[in-house]
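Enquirer: Quick one: sequence plus predicted model below, questions after.
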Amino acid sequence: MGWFIVLIGALLMVKGAALILVPRKLVHINQKLLSGKHAKRLGYLPLAVWLLLCISAKFSYAALAVFLLGLLVIAKGAYILVTPIDKIKKNKMFSLSDKIYRLIGIVVLIAGMLLINVAM
């Protein structure tokens, strides 16, 4: 299950790089996903990732950090499932400046690197 931690770390690195390089395009893609017919079903994906992260946490050197990341992921999934889609679309996160998105991208990129490091 250590491979799953590496996979999530690599996906976080890709997301961080995308936030740094093309932040507006990524926000546009997220808004387009929320405009879909079955947008509420997007909340089940973080729940599945949470379950797999909690299972694979014991295979890493920093099990507590991986478990806490899993708790953040379940909070995101619960937010998507509970909150109405119209309210999510009007969230402040979609109207931040490019500098803030790039700063978030740097943090996400570092988190992905750390996650891959603790899995090895």
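Expert: Great, that's in hand. Numbering: from 1, shown residues only.
Enquirer: Need the CA coordinates for the helix or strand encompassing residue 110. CSV is fine.
Expert: Residue 110 belongs to helix 98-119 when assigned by DSSP states H and E. Extracted C-alpha coordinates of helix 98-119, given in CSV (Å, rounded to 0.1, in the frame of the first residue of the first chain):
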residue,chain,number,x,y,z
ASP,A,98,-3.1,34.5,-9.2
LYS,A,99,-0.4,35.2,-6.5
ILE,A,100,-2.5,33.4,-3.9
TYR,A,101,-3.0,30.4,-6.2
ARG,A,102,0.7,30.2,-6.9
LEU,A,103,1.4,30.3,-3.2
ILE,A,104,-1.1,27.5,-2.6
GLY,A,105,0.5,25.6,-5.5
ILE,A,106,3.9,25.9,-3.8
VAL,A,107,2.5,24.5,-0.5
VAL,A,108,0.7,21.7,-2.4
LEU,A,109,3.9,20.8,-4.3
ILE,A,110,5.9,20.7,-1.1
ALA,A,111,3.2,18.5,0.5
GLY,A,112,3.4,16.1,-2.4
MET,A,113,7.2,15.9,-2.2
LEU,A,114,7.0,15.2,1.6
LEU,A,115,4.4,12.5,1.0
ILE,A,116,6.6,10.7,-1.5
ASN,A,117,9.5,11.1,0.9
VAL,A,118,7.7,9.5,3.8
ALA,A,119,6.5,6.6,1.7
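Enquirer: list the helices and strands it packs on?
Expert: Under the contact definition 3 or more C-beta pairs under 8 Å, 6 or more residues apart in numbering; DSSP states H and E, helix 98-119 sits against helix 2-21, helix 23-34, helix 63-82. Heads up, the C-betas are built off the backbone N, CA and C, glycines and all.
Enquirer: of all those, which lies closest to residue 112?
Expert: Proximity to residue 112, assessed across these by C-beta to C-beta, is greatest for helix 2-21 (3.2 Å).
Enquirer: which parts of the closest one are buried?
Expert: Taking 16 or more other C-beta atoms under 10 Å as the basis for neighbour counts, the residues of helix 2-21 that come out buried are 4-9, 12-13, 15-16, 18-20.
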